[in-house]
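**Q** structure for the following, please:
(chains A and B)
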Amino acid sequence: MLRLTAICKQFPGGTLALDKISLTIQDNDFLVLLGPSGCGKSTLLRLIAGLEPPSAGSIDWTGQPPAPGEIGYVFQDATLMPWATALQNVALPLRLRAAPDAEARARAALAQVGLADFAHARPKTLSGGMRMRVSIARALVSRPRLLLMDEPFAALDEFTRHRLQDECLSLAASLGCTTIFVTHSLYEAAYLASRVVLMSPRPGRIARELAGAAPTDRTRTGAEFNARVQVLSDAVQALHLPSDVTE
Amino acid sequence: MIRLHPTALALLSFAAALVLWQAIVTVGHVAPYLVPGPIAIAQAFWADAAGLLRALLATLSVTVAALIAAMILGVLLAAAMSASRWARAAIEPWAVILQVTPVVAVAPLIIVWIGDPFSAMVVCATVVAFFPVFSNTAAGLAATPQDLLDLFRLNGATSRQEVMLLRLPAAIPYFLAGLRVSGGLALVGAVVAEFVTGAGGVASGLAFRILEAGYRLQTARMFAALALLSGAGLAINAALGLLSRRVLGRFA
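**A** Next up is the predicted model:
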């Protein structure tokens, strides 16, 4: 779907955030970018989304580059508009392009994340998990080809996180949506990824690429899951990072 | 122990202060032209209630006109500043100069330029009331969450959509906080303008009535006019507070 070639990003202050990142993203990948805070994972997502230009290197799309709405973005916070209802928030990407059936499609997207009954609720009346669901519905409502998620579940409790991880996997699979998911949790990476890209910090480089779970083999327990966590953990150890990488 | 509502407690302490005041004035035989007691003040009010209320109305009409003008100007200029760096460079220094220059010093000039006393007073009060609503709205427009701005850009929003659907609604809590401060300042500005213009006659406001009563040593009448001004200030503050609570329930 997308190929990054020797991407560098230098900030105005001179800090080199990303150094020669080369990466190919296949259709229907669930690619997890794993790395400690400050390794440029979020910056890389912003570059892929086209929100910032790279300082060097190129981003090449197979076929047409994405049109507005073909990239869905989920931020660490739900970042909903507090003055709008859940439905209005979800409908926003469609409204901005005056797409037909905005409201019906937004209702369908809300139903997909299990919030059909909360269409007219304001964000402040929803729990953190529900707000994140609204945010996911908003990212998916325009049927994106590529879904970018920037540590979306980091602020949620573990019960909610597990449920949202599962819902996220099944939604991405049913919509046929390629996903790039940023996290600093080994367990989240081991559970979600079809492919893990481990990044090292300052400047952000790709340290290793590792295979993830097969889509049919997603468990949070058992020998295979533990083995995957072990492999990731060993790879992280090899980076000589401070010990705060795991959660 | 009896638990009282905060409002009841405030009223009670206010009443106690009035009683104490009256007691000191009566027992101490304080000359009424120096410090009149609350009863004398109330009598002075009833003696010319219609005249004083007419004066209050005159002051309030300057205040409200100035607040509306400050609100419109403040929002328009803040929006212009947020839309273009050139507009910011052009507007910001003048706004600050206007803010730091004492209006009492500028008022005579405004009166010379604008013959009509009412318009001149509105302009003076607008100058005083303008800055808080302007600077708060500008700060609110600049503080739009970056993630939401990114989301708008990802979905191909036009800059018009960005301002109308995101920046302006996101700035409303800031605007309301500024409006509340500007409301109080509009009253201050109206009073200052009346003092400086010294506009007499039937249509004159409370500030002029205070000056007039001062020349005649009608101290109780001065206090009565002052009480009306305080009451007006409290009412403006309460009204704008109510408005912001109603609106904030929706926007934040």
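**Q** kindly report the residues of chain A close to chain B.
**A** Counting by C-beta under 8 Å from any C-beta of the partner chain, chain A comes close to chain B at A:46, A:49-51, A:67-69, A:71, A:73, A:75, A:77, A:79, A:81-83, A:92-93, A:96-97, A:124, A:138, A:142. (Each C-beta comes from the backbone N, C-alpha and C, glycine too.)
**Q** quick check, the residue in chain A closest to chain B?
**A** Closest to chain B within chain A is A:Pro68: 2.8 Å, counting by C-beta to the nearest C-beta.
**Q** torsion angles phi and psi at the residue of chain B found nearest chain A?
**A** Closest to chain A within chain B is B:Gly156: 2.8 Å, counting by C-beta to the nearest C-beta. Per-residue torsions, B:Gly156: phi 70, psi 30 (degrees, to the nearest 10).
**Q** buried stuff in the longest helix belonging to chain B?
**A** Secondary structure assigned by DSSP state H gives helix B:49-83 as the longest helix of chain B. Buried residues in helix B:49-83, counted by 16 or more other C-beta atoms under 10 Å in any protein chain shown: B:52, B:54-56, B:58-67, B:69-71, B:73-75, B:77-79, B:81-83.
**Q** ok, back up a step: filter the residues of chain A next to chain B down to the ones in strands?
**A** A:Ile71, A:Tyr73 (DSSP state E).
**Q** generate a ChimeraX selection restricted to the buried subset of the residues of chain A next to chain B.
**A** This is how ChimeraX selects the buried members of these, with burial counted by 16+ other C-beta under 10 Å:
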select /A:46,49,51,69,71,73,75,77,79,81,82,83,92,93,96,97,138,142
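**Q** now the strands: where do they sit in chain A?
**A** Taking DSSP E, the strands of chain A run over residues A:2-10, A:16-25, A:30-34, A:56-61, A:71-74, A:146-150, A:178-183, A:195-200, A:205-211.
**Q** list the contacts for the nearest residue to A:Val113 once chain neighbours are set aside?
**A** Once flanking residues are discounted, A:Val113 sits nearest to A:Arg133: 4.1 Å by C-beta to C-beta, 6 or more residues apart in numbering or on different chains. Counting by C-beta atoms under 8 Å, 6 or more residues apart in numbering or on different chains, A:Arg133 makes contact with A:Val113, A:Gly114, A:Leu115, A:Leu164, A:Glu167.
**Q** now which of those residues would you call buried?
**A** A:Val113, A:Leu115, A:Leu164.
**Q** wait, doesn't the first one sit right on A:Ala137?
**A** Right, A:Val113. Yes: the pair formed by A:Val113 and A:Ala137 meets the contact definition of C-beta atoms under 8 Å, at 4.6 Å.
**Q** B:Val123 and B:Leu179, how far apart?
**A** To B:Leu179, B:Val123 is 19 Å away according to C-beta to C-beta, to the nearest Å.
**Q** what of B:Leu18?
**A** 32 Å.
**Q** neighbour-wise, which of the two wins?
**A** Counted by other C-beta atoms under 10 Å in any protein chain shown, B:Leu18 and B:Leu179 do not tie: B:Leu179 has more neighbours, with 23 against 15.
**Q** isn't the more buried one right next to B:Leu240, touching?
**A** Yes: between B:Leu179 and B:Leu240 there is a contact under C-beta under 8 Å: 5.9 Å.
**Q** for A:Ala111, what are its contacts?
**A** Neighbours of A:Ala111 in contact, by C-beta under 8 Å, 6+ apart: none.
**Q** got the confidence number for residue 190?
**A** Since you didn't name a chain, this refers to chain A. On the pLDDT scale, A:Ala190 is placed at 80.
**Q** switch to chain B, please.
**A** 91.
**Q** on the three-state scheme, it is what?
**A** Using DSSP: H, G, I helix; E, B strand; the rest coil, the structure places B:Ala190 in helix.
**Q** count the neighbours of it for me.
**A** 32.
**Q** separation between it and B:Pro108?
**A** Distance from B:Ala190 to B:Pro108, by C-beta to C-beta: 17 Å.
**Q** next: A:Ile71.
**A** A:Ile71 is 61 Å from B:Pro108, by C-beta to C-beta.
**Q** one more: A:Ser58?
**A** Here the criterion is C-beta to C-beta. By it, A:Ser58 lies 66 Å from B:Pro108.
**Q** what do you get for B:Ala31?
**A** 36 Å.
**Q** then A:Ala56?
**A** 63 Å.
**Q** likewise for A:Ser22?
**A** For A:Ser22, the distance to B:Pro108 - C-beta to C-beta - is 72 Å.
**Q** run the chain-centre distance for stretch B:130-148.
**A** 20 Å (C-alpha atoms, centre = their mean, to the nearest Å).
**Q** which residues touch that stretch?
**A** Under the criterion C-beta under 8 Å, 6+ apart, residues A:75, A:77, A:79, A:81, B:70-71, B:73-75, B:77-79, B:81-82, B:95, B:98-99, B:166-168, B:170-175, B:177-179, B:181-182, B:185 lie in contact with stretch B:130-148.
**Q** now do the buried residues in it.
**A** For stretch B:130-148, by 16+ other C-beta under 10 Å, it's B:130-141, B:144, B:147-148.
**Q** how about the helices in chain B?
**A** For chain B, the helices defined by DSSP H occupy B:6-27, B:38-47, B:49-83, B:85-100, B:103-113, B:117-142, B:146-154, B:159-161, B:168-197, B:206-215, B:219-251.
**Q** same check, this time on chain A
**A** Going by DSSP H, chain A shows helices at A:41-49, A:86-96, A:102-112, A:128-140, A:158-175, A:186-192, A:222-237.
**Q** C-alpha coordinates for the shortest one, PDB please?
**A** Output in PDB follows, covering the C-alpha atoms of helix A:186-192 (Å, rounded to 0.1, in the frame of the first residue of the first chain):
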ATOM      1  CA  LEU A 186       5.100  -5.100  24.700                       C
ATOM      2  CA  TYR A 187       1.900  -7.000  25.500                       C
ATOM      3  CA  GLU A 188      -0.300  -4.800  23.300                       C
ATOM      4  CA  ALA A 189       2.200  -5.300  20.500                       C
ATOM      5  CA  ALA A 190       2.400  -9.100  21.000                       C
ATOM      6  CA  TYR A 191      -1.400  -9.300  21.000                       C
ATOM      7  CA  LEU A 192      -2.400  -7.000  18.100                       C
END
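**Q** so which elements touch that helix?
**A** Using 3 or more C-beta pairs under 8 Å, 6 or more residues apart in numbering or on different chains; DSSP states H and E as the contact test, the elements touching helix A:186-192 are strand A:30-34, helix A:158-175, strand A:178-183, helix A:222-237.
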